[in-house]
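> need a 3D model of the sequence below.
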Amino acid sequence: MVADKKLAKTIQEKMGINCQTGERASELFRCIRFQMQSLLTGLEDQELKQMQLGLAHSVSRYKLSFTTEKVDTMIIQAVSLLEDLDKELNNYAMRLREWYSWHFPELSKIITDNMTYAKAVILIGMRTNVKNLSLEELGEVMPEEIAQQVKEAAEISMGTEILEDDERHIKTLAKSVQEISDYRQNLAEYLKNRMAAVAPNLTILIGELVAAKLISHSGSLMNLAKAPASTIQILGAEKALFRALKTKKNTPKYGLIYNASIVGQAKNQLKGKVSRTLANKCALCSRFDALGENQDGKLGADSKAFMEKRLKLLESGAQVITGAGANRQGSWAAKGA
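Just a heads-up that it's a prediction; the model follows:
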């Protein structure tokens, strides 16, 4: 008797030995497990507990080593960390602007990019140092025309004076902003490579960031592949959906998929139609990535080309007929010809 049906089938095919499986076999093995101590003579309770603990650890390690969602977990953690870094980077950058603006308020208006602003703070320090810096030195962190504006603004600045200790802490904060930004770029590149390997078609269709957020929200690529297109369309807008159902108002037309570039290119009145069609393509691409063998990204590229063509048709005002209506129209045109 063999408890596992698949193992019994393999033994019968490979070795030609008839094996019995089913409820009687399961009941027999269950009795053997319960009477293990009486059947194995000379086995102490402590040794039996250690054997059971070792077996449990081995099974757990096997399941963790061969889980299909292991790669998905890396993507989920990476995209979650990316969102956290964006929030922290914005908070640090705003704090840096508020702090340094007490000393050099004009610089915040001249330089709008946070990374360029942080580099400028590290280079300049005290605003009185600007007159000692050449345009070439300032041009290493900003364009020359902006560098000229910075030199002019430093001469007539209305900011207050700060101590060297204040300058040191402000520069430390600026360096932190720069380091976080550099790490964020490395993490984004890592996520891009991971997504290209795990879900190439979905990545080509909607981009690695939106695709990673869909996988993270679903829990795994397999869960996303199991979801219908209608669920993918509003994934991430669950609160708005339940609020609309409770108040009997219009349900949301899109969720995380709204951040895809194709939806962003569409006009406001067309975003709902584009999101619905894009969700259908996302469902196909996710299933092909999760269950398919040929991962060359051709399906994603074809789906993206189809979406771009459909968007142009919708924006031109042409009537788009799909499904059975398109087949009937084609047959009528053939009969007329």
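> show me where the stretch 201-337 of the chain has helices.
With DSSP state H, counting those that start in this stretch applied, the stretch 201-337 of the chain shows helices at 208-218, 221-226, 229-233, 238-247, 261-265, 271-291, 298-316, 324-336, listed in chain order.
> so which of those helices is the most surrounded?
Of the helices of the stretch 201-337 of the chain, the one with the most neighbours on average (mean count of other CB atoms under 10 Å) is helix 208-218, at a mean of 23. (C-beta placed from N, C-alpha, C; glycine too.)
> residues near Phe34, how many?
10 (other CB atoms under 10 Å).
> how near is it to Cys285?
Counting by CB to CB, to the nearest Å, the gap from Phe34 to Cys285 is 50 Å.
> same deal with Asn91?
35 Å.
> how far off centre is the strand or helix carrying Ser60?
Assigned by DSSP states H and E, Ser60 belongs to helix 45-65. Relative to its chain's centre, helix 45-65 lies at 35 Å (CA atoms, centre = their mean, to the nearest Å).
> elements contacting that helix?
Contact partners of helix 45-65 among helices and strands, from 3 or more CB pairs under 8 Å, 6 or more residues apart in numbering; DSSP states H and E: helix 36-39.
> which secondary structure elements does the helix it packs on contact?
Helix 36-39 packs on helix 45-65, going by 3+ CB pairs under 8 Å, 6+ apart.
> quick one: end-to-end distance for stretch 127-140.
One end of stretch 127-140 sits 17 Å from the other (CA to CA, to the nearest Å).
> who's in contact with that stretch?
103-104, 107, 120, 123-124, 144, 147-148, 150-151, 154-155, 157, 159 (CB atoms under 8 Å, 6 or more residues apart in numbering).
> in that stretch, what counts as buried?
Arg127, Val130, Leu133, Leu138 (16 or more other CB atoms under 10 Å).
> and what of stretch 147-163?
Buried, per 16+ other CB under 10 Å, within stretch 147-163: Ala147, Gln149, Val150, Ala153, Ala154, Ser157, Gly159, Ile162.
> from those, which land in helices?
Among the buried residues of stretch 147-163, DSSP state H puts Ala147, Gln149, Val150, Ala153, Ala154 in helices.
> identify the residues contacting the second one.
With contacts taken as CB under 8 Å, 6+ apart, Gln149 has the following neighbours: Ile110.
> how much space between it and Ala8?
81 Å.
> circling back to that earlier point, which one of the helices of the stretch 201-337 of the chain lies nearest to Leu55?
Proximity to Leu55 (CB to CB) singles out helix 221-226 among the helices of the stretch 201-337 of the chain, at 27.9 Å.
> give me the three-state assignment for Asn18.
Under DSSP: H, G, I helix; E, B strand; the rest coil, Asn18 falls in the coil class.
> burial count for it?
So Asn18, with other CB under 10 Å, has 7 neighbours.
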